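1. Dropping a prediction and its sequence here:
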Amino acid sequence: MTKPVRIGTRRSLLATTQAGHVAEMVRERLGREAVLVEVTTEGDLSQASGVPLAGSSNTGVFVGALRDALLRGDVDVAVHSLKDLPTYPHDGIALAAVPLREDPRDVVVARDGLTLGELPVGSRVGTGSPRRVAQLHALGLGLEIDGIRGNVDTRIGKVRSGEYDAVVLARAGLARIGRLDEATEVLDPLQMLPAPGQGALGIECRADDADLLGQLALLDDGPTHAAVTAERAVLATLEGGCSAPIGALAEVVEGEDGDEIWVRAIALSLDGGLAVRMSASGGPTDAVGVGTRLASEMLADGAARLADRLEDRLEDTDKRQNA
C-alpha cells in the first residue's frame, strides 16, 4: 500500500488552508492520500515574541524549519507562500511545482467601507511590508503609515477596534481563508505592485526523490510558474545591488506571434519619494532572462542608488532644519 504524502506546513490558519489545498490536489490528481504535518518556524516564533520581520535579512524566516523537516525526512513535501522563498537554491531541495496562482494584488481593509483615496489625511494605515510602506507614501495621500504585527485576523481586528483606520493585505490570503468580503478596495498594480511571487504557492520536496518530483509536476501550472520565475529573477538581480523595497508582477499573455511574458517592476526609496519603474517582455521560456535583463536596466537607471539618495535627502533635510 502506498504511504500517504506527508505535507509540511506552518501552523497558522492561512498556512494550513494553503497546505490543505495542496493535499486536495494530491488526492485528486495523483490518486494518493495526503496528511498535514504542522511545523513551528522561526517566523512564527518571531511573530509571537513581537520581534520585527521586515527587511531583507529576514527573507525566508518562515521557510527554514519546513526545509529542515523535509531534509530530516519528517515530511515529504513542504508548502510555502512563494513570496517567502529565498531566490537562491537550497542544497538537497527542489521546487517541484507552482500551482495556479490566486489574484496577486493587494487589498485594503478600512473602517466604514472606505477606499484609500477616501481616508482622511492623517488616517492611520497599518502594514508590515516596506514595499507597501514605500508605495503608500508614493501615492501622496497624507496617510500615517505604521508597522503592524500578527495574522490576518489580528490585523483586521485592529481596524474593527479603531486602533487603525485601515490595513493593507494580500488579496490571496483573504480569498483562501474565505474573508475576501472584508476587503474594501482591491489595489490596481498601477498603484501598488505586489511582492514577487505573491499569490502563488511553492511546493518543495527532496531533490533526490525522483518519483515524487515527477508526480508533483502534475500540480504545476506553466503560465504561473513562468510568471513567478520572471518576478523572482527581478528580485534576485535587484537584491544583488539594491536594498530598496521592490515590487514585481509578471503575466503570460497572448501575443501576435504566440504567448509572451510581460513583467513590470518597481524599486523605491523607503519614503516613496524616489522610484525606478520599468517593464519588459519576452518569451515565456526565457522568464529568467527577461526578469534579469529588466532588473539590470533598473540598476543602471538608478535603482542601486535609491538608498544612498534617500540618506542624502534626509541629511539635507536635517541641515535645513538645523540651519
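-> Arrived safely.
2. Quick one: the helices in this protein, in order.
-> 13-25, 42-49, 64-72, 130-138, 152-160, 171-176, 210-216, 222-239, 287-300, 306-322 (DSSP state H).
3. What's the local residue count around residue 79?
-> The number of residues packed near residue 79 is 25, by other Cβ atoms under 10 Å. (Glycine included, C-beta is placed from N, CA and C.)
4. who's it bridged to?
-> residue 203 (DSSP bridges).
5. Residue 165: what's it in contact with?
-> 110-111, 114, 119, 123-125, 159 (Cβ atoms under 8 Å, 6 or more residues apart in numbering).
6. Against residue 75, how distant is the closest residue to it other than its chain neighbours?
-> Leaving aside its sequence neighbours, residue 165 sits nearest to residue 123 (Cβ to Cβ, 6 or more residues apart in numbering; 3.9 Å). Residue 123 sits at a distance of 43 Å from residue 75 (criterion: Cβ to Cβ, to the nearest Å).
7. Report how many residues lie close to residue 95.
-> Residue 95: 22 neighbours (other Cβ under 10 Å).
8. And residue 38, by the same measure?
-> Counted with other Cβ under 10 Å, residue 38 comes out at 14.
9. Thought residue 16 was touching it, still the case?
-> Yes - counting by Cβ atoms under 8 Å, residue 38 touches residue 16, with 7.0 Å between them.
10. Which residues are in contact with each of those two?
-> Common neighbours of residue 38 and residue 16 (Cβ under 8 Å, 6+ apart) are 9-10.
11. Show me how the record splits this protein into domains.
-> 5-97+200-220, 106-186, 227-309 (automatic domain parsing).
12. Any idea which of those domains gets closest to residue 193?
-> Closest to residue 193 of the domains of the chain is domain 227-309 (Cβ to Cβ; 3.1 Å).
13. State the mean pLDDT of the closest one.
-> The predicted model assigns domain 227-309 a mean pLDDT of 91.
14. can you check stretch 206-213 too?
-> 97.
15. Any buried residues in it, and which?
-> Of all the residues in stretch 206-213, those buried under the rule 16 or more other Cβ atoms under 10 Å are 206-207, 209, 212-213.
16. Now the two most distant members of those residues.
-> The widest separation within the buried residues of stretch 206-213 (Cβ to Cβ) is 10.5 Å, between 207 and 212.
17. for stretch 165-177, how far is the first residue from the last?
-> Terminal residues of stretch 165-177 are spaced 22 Å apart (Cα to Cα, to the nearest Å).
18. can you pull the contacts of residue 179?
-> 152, 156.
19. Going by neighbour count, which of the contacts of residue 165 are buried?
-> For these, buried by 16+ other Cβ under 10 Å: 110, 114, 119, 123-125, 159.
20. Next step: those residues restricted to strands.
-> Members of these lying in strands (criterion: DSSP state E): 110, 124-125.
21. For residue 142, state which of the residues you listed is nearest.
-> Of those, the one sitting nearest to residue 142 (Cβ to Cβ) turns out to be residue 125, at 10.7 Å.
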